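Undergrad: I would like the atomic coordinates for the input below:
(3 chains)
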Amino acid sequence: MMMHSLNKHARMLTAGAALSLLLMAGAPAFAETPADTLVEGWAIDDIITMDPGEAFELSTAEVTANTYSYLVRLDLNDTSKVVGDLAESWTVSDDGLTYTFKLKPGLKFASGNPVTAEDVAYSFERVVKLDKSPAFILTQFGLTGDNVTEKAKAADETTFVFTVDKAYAPSFVLNCLTATVGSVVDKKVVLEHVKAVTPSEEYKYDNDFGNEWLKTGYAGSGAFTMREWRANEVVVMERNDNYYGEKAPLARVIYRHMKESSGQRLALEAGDIDVARNLEPGDFDAVAKNGDLKTTSAPKGTLYYFSLNQKNQNLAKPEVAEAFKYLVDYDAIGSTLIKGIGEIHQTFLPKGVLGELDENPYKLDVAKAKELLAKAGLADGFSVTMDVRNTQPITGIAESIQQTLAQANIKMEIIPGDGKQTLTKYRARTHDIYIGQWGQDYFDPNSNAETFTVNPDNSDEGKVKTLAWRNAWDVPKEWTEQSKAALLEKDAAKRAEMYKDLQKKVLANSPFVIIFQQTEVAGYRGNLKGFKLGPSFDTNYVFNVSKE
Amino acid sequence: MSEISQPAPMSRREWLMSDRPQSRLQARLGRAYMTWRRFSANRLAVAGLGIILLLILVAVFADALAPHSPVVGNLAGARLLPPGSEGYLLGTDDQGRDILSRLLHGSRLTLLVIVLVAIIAAPIGLLVGAVSGYAGGWVDAVLMRITDIFFAFPKLVLALAFVAAMGPGIQNAIIAIAITSWPPYARIARAETLTVRNSDYIAAVRLMGASPFRIVLRHVMPMCVSSLIVRVTLDMAGIILTAAGLGFLGLGAQPPLPEWGAMIAAGRRFILDQWWVATMPGIAILVVSLGFNLLGDGLRDALDPRESGK
Amino acid sequence: MTLPETTQLAGRRRARANGWAGNALRFLVIIVTTYLGLLAVTFFIGRVIPIDPVLAILGDRAPTHVVERTRELLGFNKPLYQQFYIYVRDALTGNFGTSVLTTNPVMADIRRVFPATLELATLGTIIGSLIGVPLGVLAAVKRGSIADQIVRVIGLVGYSVPIFWLALLSLLLFYARLKWVAFPGRIDIVYEYSFTPVTGLYLIDSAWQGQWDVFRDVFRHIILPAGLLGYFSLAYISRMTRSFMLNELAQEYIVAARAKGLSESRIIWVHALRNAAVPLVTVIALSYAGLLEGSVLTETVFAWPGLGLYITNSLQNADMNAVLGGTIVIGSVFIAINILSDLLYRTLDPRTRAR
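TA: Numbers count the residues shown, from 1 in each chain, chains lettered A, B, ... in the order given. The predicted structure follows:
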């Protein structure tokens, strides 16, 4: 009897299990994304705002580039040039101070409102007055909250006039305007959403220029509209039917937050996503070998480096800095940890930028390093720490460096942390060694030249907090001067030579050990057409992509 | 019974099993022997004990047993080799390190975590519980209120928050686990204290003029130790799993330390093509914590047959 | 996974219970003190954390002058006690502030993510109870048999296995190799815009709206993580069931029932189990609370957009508003479940009912 009743229960259980199995077995083995929708798996946890006047993150750059228009854009065929976006044409005055842009006729925002020079002027005004992270890209031309309405001004409905404070190289000014901070917002729409603010010492204006609303809102005129952003989950873009250019073939693009490379690869293989954006070397290889899938890659302007804080007495010795350059196993790292996702690169200007210098003189050479350390009086080595953010390939590279340093008796302890943790220390100059990446702020050699070679005040109170400052490196005055002079050099060839010379100096004698330049890779399903990665993070366009 | 005037010569076993112990020592040994007999009759429990002893041996002789360095690998030549490769019994990880050597050395970290957590958490719980139970009144109310708060707190979340605040690392992980695991010990110590507090023995000590501080420290706390030890043993598997969980989230031991949870996290990236990198340390954790659970389970059964299965 | 530790709490409260008013007061004291404790601890952690909270708001690349201005605007340069006062005052009025990570009010975020965790933990508990209770009964009835030993080992392995590891391997097996279950997450992106959840419990919502294709998709997403959580709760529930049943089966009324000639199955399933059910309710409730908390690691592996993932993400980004809100919600659920199981115990237990 007892067994009988137990069996009854067992039967019920098996029935339940069978039911769930049926439910599962009936499911299709191969999922597919809708024909009019592109689904990308991508780590988008860096996004903190969608306001183009505030956003400065790499993932946001791609979304902004696809959903907003600028005056000018980078020419993808020749990245040392720019082409008109909203602007039909532009002229530079003879004194090099006044830039006049003529807008294309009949432009509309996604809302249906016309795009006017007034909107452009308002976009500049709000960026300068809000003064958020990327604002310096515009304010470095002498714009302030007090003069912006004069210096960035609508002359008439379709004419915008921009006045700079020095006769900069025009390539520099135009390059800066291709940054996402130059996005033109729909003034009418934004004005409907401004929030009143009590003016204060720190913020002198009575409204927030729609900043709070634009963090998740949208007021642009790009090929796509930004429909929704949910932090760490998803970004959804939809086709903008009011777009002035060629309409995008796809109705919708969804960026789905996925952190793990292996997860992205799995989902790509299963057809749950169309594009995988953060593939690591092993997974990238596997995708490349899969007949249903394709891969693409493009070098990006991001450098991975480690730097030695000059406040540390051991690290401040020039021989030690040089020894470190010989204590990285560039070849092994290049052929394993960053295979396919980066190329060994030791100079501070990435490939593709005006003035690039392709020289990689350093190799792993423990004997040479030991010699240098002995010269510095540190033949027995020393102990040092390295702040490492918890992401690949940085962690893997740090572990490899830890092992090669040990061969020269340098005991390196890894202090891991979240990106924001390590960065907090780095900015406070309390690290020994910092390993991380540096991405160009805008597509111009000055962005990197400035951060690696300019440090006018090396005290803790220094106002110009470049990477040189963060490592307490007192840059020779002539180098700083040379970097600034290059900014005003109108002859592009001469300008390039000046940057090449600077790079040689930094390569030979600086606390920066630059290891590689990032190659962005993506795996995508074979039925996608027109999927490409651009030369920078804000040129990864999806409006040409279609599905077969 | 009275007919037996001269006790017959006893075997050692009979002496231990005697229901009329002649000395306190004999009684104690006898009880221990009975416990051991009950314990050793449970084959699963003995297996558990075997696993733990093996763990300790491996930890002690890790240097001799490990065929390779646990931290220095061969990045260029031996990366992600499968198990059974020449010289690498369990394969290698993404830095070209021998997984077997890392597992063997990792046993030391596992033991370190367990021992330190026990050393930190048990005395805290003991002190709080004993003071609370002995003092009574508002001291009891306040201390137990604090204990309740820690009970109501989500444990793992608290440990996570703590490690995030203090910075990741094996020391902080140990402290975080200790901080979240003392409340049950306080409960037990308090309950034990309440039972001995009004005993004649304590009353006598009090009459002799001992200070409350001395009473708690010298007379109450020792009474609670034995039940605490059983409880701590039972908790060890949980401690191992929590430590591994923190390691998995990147908040525990840091590279290049061969902590098993962190090894799983590192292997996660290669799970599709190199399954062994994440699988091996998982098996190690499973086996060791299963060992502790089997041991604890058997111990409880042996110590208190009525409670078996609870 | 750690075992719910609150059994003793319930027991102690039971022993001291004297009437509803006394209970209500006690619970109130517990709630108030726990909340203050939560606030103090989270505030402390938020200030000690070596991440600049301003960086979390502005991102990695903000220039320094912007960082410093924001710090002043947000009041991070005020004295600590003032900050704590503001913190407690806001929290007491139900204002947990805005998450810097998502820019939404924290409560809005939690309302969105909590149902995901709730649905997962609930299904896990249902699976765990439906399998765990019969297994426990079987083990008790056939005490010492092979079946008993097997149930015991199943339970002990459940206590011993690292959940995130098992989750990884099962994902590898069931998703990557066998393709039985769906990708990590709650629902396919295909349905995300054709399906409007009402309660946030997708299984119920889709069934209610008669969208069976959505239901099937949701089921394929939830079954693996829920099954895993179910296994952990099964380990606990089957052990406790066995122990309670052994207790009951040794009681005199069982002997009497046997003497009366009642069928064995009636004795086991009706008489013994009904009495064992009383403490079992507490056990299941506590394992439920344990799953709500313990889903942190599972949610990480399965990218399940629930409270556990929300808290871990927020912690890593120094988004302390969100961490506080999330922690308080989990704490509240813990307290609520404790009180509920206590009340249930009281209602079900014939001895306390009689009094």
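Undergrad: and A:Ala35, what does it touch?
TA: A:Lys547 (CB atoms under 8 Å, 6 or more residues apart in numbering or on different chains). Any C-beta I mention is one placed from the backbone N, CA and C, and that applies to glycine too.
Undergrad: Show the average pLDDT along stretch B:204-216.
TA: Average pLDDT, stretch B:204-216: 84.
Undergrad: so how far is the first residue of it from its last?
TA: 14 Å (CA to CA, to the nearest Å).
Undergrad: Check which residues of it are buried.
TA: Residues of stretch B:204-216 classed as buried by neighbour count (16 or more other CB atoms under 10 Å in any protein chain shown): B:Val205, B:Ala210, B:Ile215, B:Val216.
Undergrad: next one: stretch A:537-548
TA: Quick answer for stretch A:537-548 (16+ other CB under 10 Å): A:Phe537, A:Asp538, A:Thr539, A:Asn540, A:Tyr541, A:Val542, A:Phe543, A:Val545, A:Ser546, A:Lys547.
Undergrad: Show only the entries of these found in strands.
TA: Counted as lying in strands by DSSP state E, out of the buried residues of stretch A:537-548, are A:Ser546, A:Lys547.
Undergrad: now the buried residues of stretch A:537-548 as CSV including pLDDT and distance to A:Ile414?
TA: Shown next, in CSV, are the buried residues of stretch A:537-548 (pLDDT from 0 to 100; distance: CB to CB, whole Å):
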residue, pLDDT, distance to A:Ile414
A:Phe537, 85, 28
A:Asp538, 86, 33
A:Thr539, 88, 35
A:Asn540, 90, 32
A:Tyr541, 91, 38
A:Val542, 92, 38
A:Phe543, 91, 42
A:Val545, 92, 40
A:Ser546, 92, 46
A:Lys547, 91, 44
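Undergrad: Take the buried residues of stretch A:537-548 and keep only those in helices.
TA: The helices in this structure, assigned by DSSP state H, contain none of those.
Undergrad: out of the buried residues of stretch A:537-548, which one sits closest to A:Val197?
TA: A:Asp538 (29.2 Å; CB to CB).
Undergrad: doesn't A:Val181 make contact with the closest one?
TA: No. Between A:Asp538 and A:Val181 there is no contact under CB atoms under 8 Å: 10.1 Å.
Undergrad: Now the residue of the stretch 51-200 of chain B found nearest chain C: closest residue in space that isn't a chain neighbour?
TA: Nearest residue of the stretch 51-200 of chain B to chain C: B:Ile149, at 3.7 Å (CB to the nearest CB). In space, and not counting its chain neighbours, B:Ile149 is closest to C:Gly37: 3.7 Å by CB to CB, 6 or more residues apart in numbering or on different chains.
Undergrad: elements contacting whichever strand or helix holds the one you found?
TA: Taking DSSP states H and E as the criterion, C:Gly37 maps to helix C:19-48. Applying 3 or more CB pairs under 8 Å, 6 or more residues apart in numbering or on different chains; DSSP states H and E, one finds that helix C:19-48 contacts helix B:137-152, helix B:155-166, helix C:7-16, helix C:80-92, helix C:320-348.
Undergrad: so A:Ala493 sits in a helix?
TA: Yes. Under DSSP: H, G, I helix; E, B strand; the rest coil, A:Ala493 falls within a helix.
Undergrad: Looking at the buried residues of stretch A:537-548, which is nearest B:Tyr33?
TA: Distances from B:Tyr33 to the buried residues of stretch A:537-548, taken by CB to CB, are shortest for A:Phe537, at 73.1 Å.
Undergrad: could you measure that closest one against chain C, distance?
TA: 12 Å (CB to the nearest CB, to the nearest Å).
Undergrad: That residue and chain B: what is the separation?
TA: The spacing between A:Phe537 and chain B, counted by CB to the nearest CB, is 23 Å.
Undergrad: doesn't A:Ala61 make contact with that residue?
TA: Yes. At 4.5 Å, A:Phe537 counts as touching A:Ala61 under the criterion of CB under 8 Å.
Undergrad: how about A:Ala55, what does it touch?
TA: By CB under 8 Å, 6+ apart, A:Ala55 lies in contact with A:Ile47, A:Ile48, A:Thr49, A:Ala61, A:Thr64, A:Ser133, A:Pro134, A:Thr180.
Undergrad: Looks to me like it is in a helix.
TA: No. Read with three-state DSSP, A:Ala55 is coil and lies in no helix.
Undergrad: Export the helices and strands packed on helix C:19-48 as CSV, with columns for distance to B:Gly50 and mean neighbour count.
TA: Shown next, in CSV, are the helices and strands packed on helix C:19-48 (distance: least, CB to CB, whole Å; neighbours: other CB atoms under 10 Å in any protein chain shown):
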stretch, distance to B:Gly50, mean neighbour count
helix B:137-152, 35, 17
helix B:155-166, 30, 24
helix C:7-16, 31, 15
helix C:80-92, 52, 14
helix C:320-348, 38, 21
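Undergrad: Quick check: phi and psi at C:Ser129.
TA: The phi/psi pair for C:Ser129 (degrees, to the nearest 10) reads phi -70, psi -40.
Undergrad: again with A:Lys300
TA: phi -110, psi 160.
Undergrad: likewise C:Gly210?
TA: phi 70, psi 20.
Undergrad: cool, and the one 3 residues further on?
TA: Per-residue torsions, C:Asp213: phi -70, psi -40 (degrees, to the nearest 10).
Undergrad: do the same with A:Ser183
TA: Here A:Ser183 shows phi and psi, under degrees, to the nearest 10, equal to phi -60, psi 140.
Undergrad: how far away is it from chain C?
TA: Taking CB to the nearest CB as the measure, A:Ser183 and chain C are separated by 17 Å.
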